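Trainee: here is my input; please provide its structure:
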Amino acid sequence: TSIQWIEKLLHTPLADHRKYALWRILMPYLFNIRNLSDTNVTNIIQDWLNKCDETRALDFNSKYLIRQNIKNRNRHRYLPISLNKLSSENHGLYEIISEG
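Mentor: Numbers count the residues shown, from 1 in each chain. This is a model prediction of the structure:
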């Protein structure tokens, strides 16, 4: 199972909204929709963040943030935000996703 706009996001390096994208979209998607293991999710997210870092330097420790998101995932199993809800909750990220 896949969601096209999220798959597209996984191939789109971001200069902004990266922490939000991890928390509300990518981590829940990879774990709860694609049902990937912690190791696979870590590798996919780290690759994505490395590409994002080339766009604009990360201002956080990516390994720590990934670990924290995995811990939270183990406590709270939520689905990724819908594209419709994203438009009202984080309009800036919605615009970036909608442009391409």
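Trainee: now do the buried residues in the longest helix along the chain.
Mentor: As assigned by DSSP state H, the longest helix anywhere in the chain is helix 38-55. Across helix 38-55, burial judged by 16 or more other Cβ atoms under 10 Å covers V41, T42, I44, I45, W48, L49, C52. (C-beta placed from N, C-alpha, C; glycine too.)
Trainee: before we move on, what about stretch 24-38?
Mentor: Judged by neighbour count (16+ other Cβ under 10 Å), stretch 24-38 contains these buried residues: R24, I25, L26, M27, P28, Y29, L30, F31.
Trainee: start and end of that stretch, how far apart?
Mentor: Terminal residues of stretch 24-38 lie 17 Å apart, using Cα to Cα, to the nearest Å.
Trainee: need the residues that contact that stretch.
Mentor: Residues from elsewhere that reach stretch 24-38 (Cβ atoms under 8 Å, 6 or more residues apart in numbering): 1-3, 6, 9-10, 40-41, 44-45, 48, 69-70, 72-73, 77-81, 86, 89-90.
Trainee: off-centre distance for it?
Mentor: 9 Å (Cα atoms, centre = their mean, to the nearest Å).
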